[in-house]
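K.L.:
let me see the structure of the following:
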Amino acid sequence: MLERPDISDERIAACLNHAYGLSVVRAAFLRLGADRDSAAFRIQADGEQAYFLKLRRGAFDEISVVLPKFLSEKGIAEVMTPLATRTGRLWTSLDGFRLILYPFVEGHNGYQVDLSNRHWLNLGTALKGIHTAKVPPALIGRIRHETWSPQWCRTVERFLERVEYDVFDDPVAAELAAFMNSRRDEVLNLVERAEWLARALQTQSHEIVLCHSDVHAGNVLIDANDALYIVDWDNPILAPKERDLMFVGGGQMGAGRTPQQEETLFYRGYGQTQIDPIALAYYRYERIIEDIAVFCERVFAGEGGEDREQCLRYLASNFLPNGALEIAYKSDSAPRELSCVRREEDH
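P.N.:
Next up is the predicted model:
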């Protein structure tokens, strides 16, 4: 969220004092990310201790804080766990938001700094630990499963219909509509290809593992001591490992290295593994389709101010030369002769 939510510093300070026993000196809003349902603050406490405060509104699943705590306690040092309140909970509430408190990481994310060779090795080791973690049934039962849902495909198709006929007075919405119309055939082919791959995957058996689901460069932090952390556990999923592996070499990890260099370094840490090319291509396509759907929803909703302009930039970046879409095309080696045939029920 790039625009501060309507909550005063005094109310935040009082809430943190009651829940965590903190004497807050200052709450500084951080303009991070394009998620309109999340906001971030740097909390300066008495005694110069700094904390990272995440505010989350809307649907909240406790697994997003319980799971990273479990993984951290199992020895995966790259997973940062939330701090507990005085009553032992991992969050508190204020004015429709869930408040989650972490130690503050002085550093930068993977978009702001290039990951070093050692960082890539550490990322590989950490994801291997996550994918092989023995999660107890009590937690497994609370984590969503992969369903190969066409939800985002249908959403994108609806937006393509809308921008073809609607007129937008808002300049950001008008610019996005023009961009979507200019990419109409490409986006429709992308949707068709993703659906064909999804149908192919549903006929196969897969090893299902715990996945973070959103390991892009913005969720990889490097602190002042050069340690690496994987953050933002809002949407874990039980899925084929390619759900996470698609980010590596997929145009989602910053501009520091070529896709081949990313993969070489990462798999030195992750170890040898057999990659399903159909799953890898599907997840890369599906990620782009989700980006289009989510960013269109935010821009055309007409709310969010500067957040909407950033959404437009993020969406368009998928289509840049050597960007995420071009890389996804290159990774797609599955047969194509059937992918252009739409199911009768889709019409």
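K.L.:
Gly249 is in contact with Gln260, correct?
P.N.:
Yes. Counting by Cβ atoms under 8 Å, Gln260 touches Gly249, with 6.9 Å between them. In this view, the C-beta of every residue, glycine as well, is placed from N, C-alpha and C.
K.L.:
neighbour count for these two, which is higher?
P.N.:
Using other Cβ atoms under 10 Å, the more surrounded residue of Gln260 and Gly249 is Gly249, with 23 against 9.
K.L.:
now the strands for the protein?
P.N.:
24-30, 38-45, 50-57, 92-94, 97-103, 107-109, 144-145, 209-211, 220-223, 228-230, 237-239 (DSSP state E).
K.L.:
tell me the mean pLDDT for the fourth one?
P.N.:
When pLDDT is averaged along strand 92-94, the result is 95.
K.L.:
go on, the third one?
P.N.:
Over the span of strand 50-57, the pLDDT mean works out to 94.
K.L.:
can you check the second one too?
P.N.:
Here strand 38-45 scores 92 as its mean pLDDT.
K.L.:
now do the last one
P.N.:
Mean per-residue pLDDT for strand 237-239: 98.
K.L.:
low-confidence ranges, the protein, go.
P.N.:
1-2, 33-34, 303-305, 336-347 (pLDDT under 70).
K.L.:
quick one, helices of it?
P.N.:
Counting by DSSP state H, one finds helices in the chain at the ranges 9-20, 63-73, 117-131, 137-140, 151-165, 171-182, 184-202, 242-245, 259-270, 277-300, 306-317, 324-331.
K.L.:
for Asn225, list the residues it contacts.
P.N.:
Under the criterion of Cβ atoms under 8 Å, 6 or more residues apart in numbering, Asn225 has no neighbours.
K.L.:
what about it? Give its phi and psi, please.
P.N.:
Backbone torsions of Asn225, given as degrees, to the nearest 10, read phi -100, psi 10.
K.L.:
measure it to Glu10 for me?
P.N.:
34 Å (Cβ to Cβ, to the nearest Å).
K.L.:
cool, Ala50 as well?
P.N.:
19 Å.
K.L.:
next one: Cys296
P.N.:
Cys296 is 37 Å from Glu10, by Cβ to Cβ.
K.L.:
between these two, who's got more neighbours?
P.N.:
Cys296 (24 against 10).
K.L.:
for the spatially closest residue to that one that is not a sequence neighbour, give me its contacts.
P.N.:
Once flanking residues are discounted, Cys296 sits nearest to Phe159: 4.5 Å by Cβ to Cβ, 6 or more residues apart in numbering. For Phe159, the contact set (Cβ under 8 Å, 6+ apart) comprises 180, 292-293, 296, 300.
K.L.:
what of Leu280?
P.N.:
242, 245-246, 331.
K.L.:
ok, now which ones touch the residue most central in space within the chain?
P.N.:
What sits nearest the mean C-alpha location of the chain, by Cα atoms, centre = their mean, is Asp214, with 3.3 Å. Taking Cβ under 8 Å, 6+ apart as the criterion, Asp214 is in contact with 232, 234-235.
K.L.:
if we can go back for a sec, of the contacts of Phe159, which is the most crowded?
P.N.:
Neighbour counts for the contacts of Phe159 (other Cβ under 10 Å) peak at Ile292, which has 26 neighbours.
K.L.:
who's in contact with it?
P.N.:
Listed by Cβ under 8 Å, 6+ apart, the contact set of Ile292 reads 152, 156, 159, 180, 187, 315, 318.
K.L.:
recalculate using a threshold of 10 Å.
P.N.:
152-153, 155-156, 159-160, 176, 180, 183, 187, 190-191, 314-315, 318-319 (Cβ atoms under 10 Å, 6 or more residues apart in numbering).
K.L.:
the residue nearest to Ile140 when sequence neighbours are not counted pairs with what?
P.N.:
Once flanking residues are discounted, Ile140 sits nearest to Leu238: 7.2 Å by Cβ to Cβ, 6+ apart. Applying DSSP bridges to Leu238 gives these bridge partners: His145, Leu210.
K.L.:
once you drop chain neighbours, what's closest to Tyr270?
P.N.:
Nearest non-adjacent residue to Tyr270 (Cβ to Cβ, 6+ apart): Gly124, at 3.6 Å.
K.L.:
I'd say that neighbour and Phe266 touch.
P.N.:
Yes. Counting by Cβ atoms under 10 Å, Gly124 does reach Phe266; the two are 4.4 Å apart.
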